[in-house]
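*Asks:* Sequence first, then the predicted structure:
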Amino acid sequence: MERNQEKNPNWQNLQNALGERLHLDHLTRVLYATDASVYRKVPLAVAYPHGKSDVVAIVRWCQSESVSMIPRTAGTSLAGQCVGEGLVIDFSRFMTKILEVNTVEKWVVLEPGVIRDELNEFVKKDGLFFGPNTSTANRCMMGGMLGNNSSGTTSIRYGVTRDKVIELEVVLADGSEATLKELNQEELAGLLESTAPEANIINSIIKELSPETVRTEIKERFPKKEIHRRNTGYAIDLLAEMQPFNTNGDSFNPAKLIAGSEGTLCAVTKLKLKLDDLPPSFEAVVCAHFESIHEAMTATVEAMKSEPYACEVMDKTILDLTKGNAEQAENRFFVEGDPGAILCIELRADTQELLQSECSMLIERLKEKELGFAFPIVHAPETLKVWTLRAAGLGVLSNLKGKAKPVAFVEDTAVELADLPEYIVDFEKLMDGFGQKAVYYAHAGAGELHLRPVLDLKAKKGREDFRRIGEASAKLVNKYRGSLSGEHGDGRVRAEFIPEMIGPKNYALLKRIKEIWDPKNIFNPGKIVDPDPMDADFRYEENQRTFNYPTFFDFSEEGGMLSLAEKCNGSGDCRRLPYTGATMCPSYHATRNEKDSTRARANVLREALTQSTHQAFPFDNDEVHEVLDLCISCKACKRECPSSVDMSLLKMESDYHYYRRNGIPKRNKFFGAFHKSAKWGSALAPLSNVLLRIPFFEKVFKSRFGIADQRSIPPLSRKKATTLINPKKTKSPQFVLYIDEFTQYQDAHIAKAAGDFFQQLGYSFAVVYAPSGRAYFSKSLLKEARNCAEVVLQKLDGFISKGLPIIGLEPSGILGFRDEYKRLFTSDKKRAVEKLSSLAFTFEEFVAREISNGAISQQAFTEEKQNIEVHIHCHQKALSSPKYSLEILNFPKNYSAVKIPAGCCGMAGSFGYEEEHFEMSNQIGEQILFPRLRALSDKTLVVAAGTSCRHQIKDGVHKESFHPAEILLKALK
């Protein structure tokens, strides 16, 4: 079909209809130029529909102006389905409602922007769930799952999304509204005689499929029916098996055709989907270890005889890459030795005894066939860690060192299960011919593996191999009558090979189907039929010229600042919502706006450093500065992003250069130099505190520095922390109690509590104060931060040389020693920082270590009962672990401490003070933290180690919270 894309349409009518929901600015368009694929195309505009009427207006306008439209939800597509040059319609922001649940008939009606896991959380109380389960289930949305016909780990038991489709409300190409659903023979006949908008479309489809020769050609050339996960072209093979063509077939349901159509036939505004009963409650995963991927594939055929609920594989490359990812390293607990592959086989049963029996029988079957060398059994709830490790496959692959990366383009092939072992042998031979070693993971039990060649798409050879491997892979899959796509879709990366896979007659039929639904080709053109070449419009240009400029931080480990930004592959983990336990990304949690995601920030930085090389200084970029503004440096991305994209670090570097060109705002200077102003303010306390309680002086102060009127100003300590602590003098201290600037001048009482705690337990220690530089880091004043680091190194030098532990009370202060400090120096000081980093402990870590070593006894603590709720500082989650806080607070015999399942509190240092950010700060707090705290009994103590966290809790819910040192001191007998 022809594509007559209007480059300069008249936007006014659409702007009148949508208002602020239509974005034409360059920044927003760039954010939607990519998905999780290798492609990049900057769209003409982006629209955020509120409901069906908006979608109707958009479709009618696109028809009248000859502008194509690209539907999008989470944008995690791997085949380029969401990339195009027309108008992107993002359903994920506003069309997110679950509208109706019928627990008797087991179905749900919802909008396209509902997240799969969000749906399951909603219907869990009714004993129901939506079966198909992709690795992106905690952020992918039902509209996208429909468009891709997604399946995931559970498809061997619960089928694919198409199997769940009951009914769809859609907007057709002329802007008319239609309902697509199952029709018996009488209903179908009635529809064809009616004036319903969809009548002509369905009539034309039936005419196309009526000739027996057409259906025979489909039957002979489409992928084998036994391959349930097949997404080759449109699902005409499924329609051809329905009534009226097959008297024994299912009733005709055109909605099934829309599943897997990738938004190329119509716009879906409402979905009615079948739900399943929750699986048996007793769950275990047999993690069978193998020497090679070939052995694992042979074992898969045997494992499937146990009728598992999931059967997934991870190869050695995936397993090795998870070692270096902070989030995933903890999930490797079940890995024994150095396996070539692990098969994760999920079994379920109604009793623990029956489950154990099934696990034993499976293991015995594998052993009888001499398959596998280790078979650890993981029981719920630890099974979640196994599946989290498996789901991280896409993201951790980005952590491969060097320019060449595993590329998704032949990763979605599916063959009949019986063919899988032989197919893998053939595929490996194919890869050997290209000098490649493939990476294998995913759905072994469904006959589908995600196989990723490692290519450098910035180089000519990498691009040539991209095409040659794609062509060779298509021929190999065709040999087995497999499907080029099992679940990720054709998009544009595979669409070019569909004629070869199904034959010219069937391909011509697909084109006619597209024309029947979309005569003017406005719905996502270039996908499935008439695609652009698979090797055009890459995210990276060949031999791409990049902007080389000296950076302040040391990015040598990543190969430069750009390489760190480019590690983002678009998988969208930063779009997870708080109920999943995610901290990343707080601002996105509050707005659900793509612009406020970590992915968006990485994309904009990449654009600035690659597409802006005509500029003398790309860091002097207001768009980049704007997108980075709501990054609150929680560092969750450093841990939770599977690619470990540290956006906090990138923001500091980018803003540092921006301020060098545009000047440093006075507020940044003020907050950055907190230790200087606090020193004078503390010396003048209580006068300084009293003055800031007088409305006139408070207003002047807040106005001068752009502080929100609603934000309280915390009082400064009347005495410095170093004055309040009186450790016994000793020449042989056991550790150093490091006092940062916040503890010294604002939370001196906490330092005293920590000092008293250690002294009562008989510890001898030294006390050292030095500003950590944390406030400077947060305001991107990197030279000043480095000066602070040099002072810290100087003051601690003697203790470092003796190998003494350095214990910090403020998490953001002490943990900087492990993080930013290591990026500040490239000289001899780098070795000193490495040593400091190894000796730095949070208060919680050190006390937990002493408890573990037996140095602190439970007998020292009270036996009184106390309930405690703990809010964990973001930097503790990113650079340490919540477990230390819980271990020490649960150590007193009758203390019960639980972690509040919240992400960031929203204060984020000075962020919550700033007048333009105050509302956002509160929105972040309101996600989970504030409601949880309001519901607590007054007898329950609230613990927060961070000074900003305690401030936010006080302002947000008017509750006092305590540092762990205060709690443990009070708990001593």
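*Replies:* Nice, I can see it. Numbers count the residues shown, from 1 in each chain.

*Asks:* Going by C-alpha atoms from here, please, whenever you check contacts or count neighbours.
*Replies:* Noted.

*Asks:* Domain ranges for the protein, per the record?
*Replies:* The chain breaks down into these domains under automatic domain parsing: 12-90, 103-277, 279-398, 561-663, 664-973.

*Asks:* Now find how far off-centre the shortest one is within its chain.
*Replies:* Relative to its parent chain, domain 12-90 has a centroid offset of 22 Å by C-alpha atoms, centre = their mean, to the nearest Å.

*Asks:* And that domain, end to end?
*Replies:* 20 Å (C-alpha to C-alpha, to the nearest Å).

*Asks:* quick thing: my sequence starts at 14, can you match it?
*Replies:* All right, first residue 14 from here; so that's domain 25-103.

*Asks:* hang on, the earlier thing: can you list the domains of the chain in CSV and add mean pLDDT, mean neighbour count and distance to Ser486?
*Replies:* Formatted as CSV, these follow (pLDDT from 0 to 100; neighbours: other C-alpha atoms under 10 Å; distance: least, C-alpha to C-alpha, whole Å):
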stretch, mean pLDDT, mean neighbour count, distance to Ser486
domain 25-103, 97, 22, 15
domain 116-290, 96, 20, 14
domain 292-411, 91, 19, 18
domain 574-676, 93, 22, 23
domain 677-986, 97, 19, 40
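
*Asks:* Which one of these lies nearest to Leu522?
*Replies:* domain 116-290 (7.7 Å; C-alpha to C-alpha).

*Asks:* Let me see the ranges of the helices in the stretch 864-986 of the chain.
*Replies:* Taking DSSP state H, counting those that start in this stretch as the test, the helices found in the stretch 864-986 of the chain are 887-892, 896-902, 931-940, 942-947, 960-970, 977-984.

*Asks:* Just put the domains of the chain in CSV and tack on distance to Ala485.
*Replies:* Output for these, formatted as CSV (distance: least, C-alpha to C-alpha, whole Å):
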stretch, distance to Ala485
domain 25-103, 18
domain 116-290, 17
domain 292-411, 21
domain 574-676, 25
domain 677-986, 43
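
*Asks:* From Glu304, how far out is Met374?
*Replies:* Taken as C-alpha to C-alpha, the span from Met374 to Glu304 is 21 Å.

*Asks:* What of Lys912?
*Replies:* 40 Å.

*Asks:* now Tyr671
*Replies:* Counting by C-alpha to C-alpha - Tyr671 and Glu304 are separated by 52 Å.

*Asks:* coming back round to it: is it possible to get CSV of the helices of the stretch 864-986 of the chain that adds distance to Gly811?
*Replies:* Shown next, in CSV, are these (distance: least, C-alpha to C-alpha, whole Å):
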stretch, distance to Gly811
helix 887-892, 25
helix 896-902, 28
helix 931-940, 41
helix 942-947, 42
helix 960-970, 29
helix 977-984, 26
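
*Asks:* Would you tell me which of those gets closest to Pro145?
*Replies:* Here helix 931-940 is closest among the helices of the stretch 864-986 of the chain (C-alpha to C-alpha), at 27.5 Å.

*Asks:* Tell me which other helices or strands the closest one touches.
*Replies:* Judged by 3 or more C-alpha pairs under 8 Å, 6 or more residues apart in numbering; DSSP states H and E, the packing partners of helix 931-940 are helix 599-604.

*Asks:* What's the first helix or strand after the helix it packs on?
*Replies:* helix 611-623 (DSSP states H and E).

*Asks:* ok, back up a step: out of the domains of the chain, which is closest to Gly495?
*Replies:* When these are ranked by proximity to Gly495 (C-alpha to C-alpha), domain 116-290 comes first, at 5.1 Å.

*Asks:* all strands in the stretch 14-163 of the chain, in order from the N-terminus.
*Replies:* Counting by DSSP state E, counting those that start in this stretch, the stretch 14-163 of the chain has strands at residues 35-36, 58-60, 82-85, 100-103, 111-115, 120-123, 141-142.

*Asks:* so what's Gly504 up against?
*Replies:* Ala92, Gly93, Gln94, Glu275, Gly539, Lys540, Ile541 (C-alpha atoms under 8 Å, 6 or more residues apart in numbering).

*Asks:* Let me know which of the helices of the stretch 864-986 of the chain is the nearest to Gly99.
*Replies:* Checking those against Gly99 by C-alpha to C-alpha gives helix 931-940 as the closest, at 31.9 Å.

*Asks:* residues in contact with the closest one?
*Replies:* Against helix 931-940 from outside (C-alpha under 8 Å, 6+ apart): 591, 599-600, 602-603, 721, 724, 915, 917-920, 924-925, 969.

*Asks:* how about a cut-off of 10 Å?
*Replies:* By C-alpha atoms under 10 Å, 6 or more residues apart in numbering, the surrounding residues in contact with helix 931-940 are 590-592, 598-604, 643, 645, 720-724, 915-921, 923-927, 930, 943-945, 962, 965-966, 968-970.

*Asks:* Tell me what angle it forms with helix 960-970.
*Replies:* If you take axes from the mean of the first three to the mean of the last three C-alpha atoms, to 10 degrees, helix 931-940 sits at 90 degrees to helix 960-970.

*Asks:* CA-only coordinates of helix 931-940 in PDB, if you can.
*Replies:* Extracted C-alpha coordinates of helix 931-940, given in PDB (Å, rounded to 0.1, in the frame of the first residue of the first chain):
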ATOM      1  CA  PHE A 931       6.900  21.000  46.500                       C
ATOM      2  CA  GLU A 932       3.700  19.600  45.000                       C
ATOM      3  CA  MET A 933       5.600  16.800  43.200                       C
ATOM      4  CA  SER A 934       7.500  16.000  46.400                       C
ATOM      5  CA  ASN A 935       4.100  15.500  48.200                       C
ATOM      6  CA  GLN A 936       2.700  13.500  45.300                       C
ATOM      7  CA  ILE A 937       5.600  11.100  45.600                       C
ATOM      8  CA  GLY A 938       5.000  10.800  49.300                       C
ATOM      9  CA  GLU A 939       1.300  10.100  48.700                       C
ATOM     10  CA  GLN A 940       2.000   7.100  46.500                       C
END
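
*Asks:* Once you drop chain neighbours, what's closest to Asp609?
*Replies:* Of all residues not flanking Asp609 in the chain, Tyr601 sits nearest, at 5.0 Å (C-alpha to C-alpha, 6 or more residues apart in numbering).

*Asks:* where's that neighbour relative to Glu636, distance?
*Replies:* Taking C-alpha to C-alpha, one finds Tyr601 at 18 Å from Glu636.

*Asks:* can you check Phe830 too?
*Replies:* Taken as C-alpha to C-alpha, the span from Phe830 to Glu636 is 31 Å.
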